[in-house]
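Novice: quick check, what structure comes out for this input:
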Amino acid sequence: MDEYALGWGSLALVNAALANAAGRGPLKYFLGSLFLGPIITIILAATYEDSQGRLRLSELWKGDKGTSRAA
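Specialist: Numbering: from 1, shown residues only. Prediction:
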């Protein structure tokens with residue numbers, strides 16, 4: 001049980017770091033990860049924030065991470 005809690009907490013820290021690197025609020029992703037764990041990781045990988053702060057889906061299978069889109 002301790003290993004499970006350690007892994008879940010580590011995932012929350014990693015998600016917060018990824019969110020911070022992508023210019024998103026790390027606290028909300030950390031707290032979300034404590035409750036939703038891997039689901040937040042998928043959201044971080046499959047979306048990006050546009051210039052107005054709205055979440056948009058990335059087209060990962062085409063290599064588009066949302067960085068080349070005009071606002």
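Novice: contacts only, for P38.
Specialist: L11 (Cβ atoms under 8 Å, 6 or more residues apart in numbering). Yep, even glycine has a C-beta here, placed from its N, CA and C like the rest.
Novice: what residues are up against the residue nearest to the spatial centre of the chain?
Specialist: Nearest to the mean C-alpha position of the chain, counting by Cα atoms, centre = their mean, stands L44 at 2.4 Å. The contact partners of L44, by Cβ under 8 Å, 6+ apart, come to N15, L18, A19, A22, R24, Y29.
Novice: for PyMOL, what selects the buried ones among the residues you listed?
Specialist: Typed into PyMOL, the line below selects the buried ones among the contacts of L44, using 16 or more other Cβ atoms under 10 Å:
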select buried, resi 15+18+19+24+29
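Novice: residues contacting the closest residue to G25 other than its chain neighbours?
Specialist: Once flanking residues are discounted, G25 sits nearest to A19: 6.7 Å by Cβ to Cβ, 6 or more residues apart in numbering. Neighbouring residues of A19 by Cβ under 8 Å, 6+ apart: G25, P26, K28, Y29, F30, L44.
Novice: could I get the residues you listed as a markdown table with secondary structure?
Specialist: Output for the contacts of A19, formatted as a markdown table (DSSP: H, G, I helix; E, B strand; the rest coil):
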| residue | secondary structure |
| --- | --- |
| G25 | coil |
| P26 | helix |
| K28 | helix |
| Y29 | helix |
| F30 | helix |
| L44 | helix |
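Novice: show me the contacts of L44 that map onto helices.
Specialist: Of the positions in the contacts of L44, N15, L18, A19, Y29 sit in helices, assigned by DSSP state H.
Novice: show me the two of those that sit farthest apart.
Specialist: L18 and Y29 (7.6 Å; Cβ to Cβ).
Novice: how many other residues sit next to F35?
Specialist: Close neighbours of F35, defined as other Cβ atoms under 10 Å, add up to 10.
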